[in-house]
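Peer 1: Sequence first, predicted model second:
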Amino acid sequence: MDAEQIINGLAIIRPYGTIGSILPSDRSRVPFGASQVDPFGVVDRIRTYTESEALHDKAHLTRVLLNASMCIFLGFGFHKQNVDLLSVGDVAFQSLRALATVKGIDRANIRDITGAIGRALRAQEESIELFDMTAPEILAKLRLKIVMAVG
């Protein structure tokens, strides 16, 4: 299986949008390191953190979360506005596992972040693991854990 097939099989939700795809077969492709991106041509595909209207379907996000066996948060930030996007209401997960990067976040914040994720996703706090790693590090170093969890 090639990288494009793997990426196409992932449920990636970008609540603030995206400038464009990295996949060569996608019409909205923006080549890595591209310097000639027309900002006015992509402005309708992105929102800023301070804009209250996210670019996703809340019902779709909830369905994806409820069907997930694992959620991986890469560079999430854990600001209240971001965590609130995850709220699944009163539904409790039976076996959801969550992994998250917390690179550079002081250890004193870890318990609060774990609690916020647990409350938003209605997940057991012991099933939430936070790692002082970058996105590439967590994906490389925890590959076996991820594969074992999702099959």
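Peer 2: Arrived safely, thanks for sending.

Peer 1: Pretty sure I113 sits against F78.
Peer 2: Yes - at 5.1 Å, I113 counts as touching F78 under the criterion of C-beta atoms under 8 Å. Placement of C-beta: from N, CA and C, glycine included.

Peer 1: Please identify every residue contacting each of the two.
Peer 2: Counting by C-beta atoms under 8 Å, 6 or more residues apart in numbering, the common neighbours of I113 and F78 are 100, 102, 105.

Peer 1: Selection in PyMOL covering whichever of those residues are buried, please.
Peer 2: Entered in PyMOL, the line below selects the buried ones among the shared contacts of I113 and F78, by 16 or more other C-beta atoms under 10 Å:
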select buried, resi 100+102
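
Peer 1: Out of the shared contacts of I113 and F78, list just those in strands.
Peer 2: Counted as lying in strands by DSSP state E, out of those, are A100.

Peer 1: where does this structure have low pLDDT?
Peer 2: By pLDDT under 70, the low-scoring segments of the chain are 1-3, 11, 14-24, 26, 29-35, 37-57, 92-94.

Peer 1: Tell me where it has helices.
Peer 2: Secondary structure of the chain (DSSP state H): helices at 3-9, 39-42, 58-67, 80-85, 110-121, 135-141, 143-150.

Peer 1: Report the buried residues of the third one.
Peer 2: By neighbour count with 16+ other C-beta under 10 Å, helix 58-67 contains the buried residues 61, 65.
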